[in-house]
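Enquirer: this is the structure alone, sequence omitted:
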């Protein structure tokens, strides 16, 4: 319940701060400037994260192929031993 009340209060505060009326601080232009600067940084961070995930995925695929070859090799050796 407390989280709900705090959330509602913060939403009301955020709307008040950007309202284009004389009795509010009128921060809308500042918010837009912040977003303009934040979008390239956000895109950079997401891009770098995607690159790291892609590299890790490729490494995992290579490792899985190596393990698969090992397991096929060991299973064929076991079959030869039992025969």
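Expert: Yep, it's here. In this text the structure is predicted, and so the values were computed from the model without any measurement. Numbering: from 1, shown residues only.
Enquirer: average model confidence for stretch 56-69?
Expert: The predicted model assigns stretch 56-69 a mean pLDDT of 93.
Enquirer: so where's the protein shaky on pLDDT?
Expert: Within the chain, the stretches falling below the threshold (pLDDT under 70) are 74-83.
Enquirer: can you map out the helices along it?
Expert: Taking DSSP state H as the criterion, the chain contains helices spanning 2-18, 28-82.
Enquirer: columns mean neighbour count on top of those, output as a markdown table?
Expert: Heads up, the C-betas are built off the backbone N, CA and C, glycines and all. As requested, those are arranged in a markdown table below (neighbours: other C-beta atoms under 10 Å):
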| stretch | mean neighbour count |
| --- | --- |
| helix 2-18 | 10 |
| helix 28-82 | 10 |
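Enquirer: and the gap between the residue positioned nearest the centre of the chain and residue 37?
Expert: Centroid check for the chain by C-alpha atoms, centre = their mean gives residue 46 as the closest residue, at 6.5 Å. Residue 46 sits 16 Å away from residue 37, taking C-beta to C-beta, to the nearest Å as the criterion.
Enquirer: residue 18 touches residue 34, doesn't it?
Expert: No. Here residue 18 lies out of contact with residue 34, judged by C-beta atoms under 8 Å, at a distance of 11.4 Å.
Enquirer: ok, and the closest non-adjacent residue to residue 24?
Expert: Counting by C-beta to C-beta, 6 or more residues apart in numbering, the nearest residue to residue 24 once its immediate chain neighbours are dropped is residue 16, at 5.6 Å.
Enquirer: what's the spacing between that neighbour and residue 70?
Expert: Taking C-beta to C-beta as the measure, residue 16 falls 64 Å from residue 70.
Enquirer: hang on, the earlier thing: the residue nearest to residue 24 and residue 23, how far apart?
Expert: On the measure of C-beta to C-beta, residue 16 and residue 23 end up 9 Å apart.
Enquirer: same deal with residue 58?
Expert: The spacing between residue 58 and residue 23, counted by C-beta to C-beta, is 57 Å.
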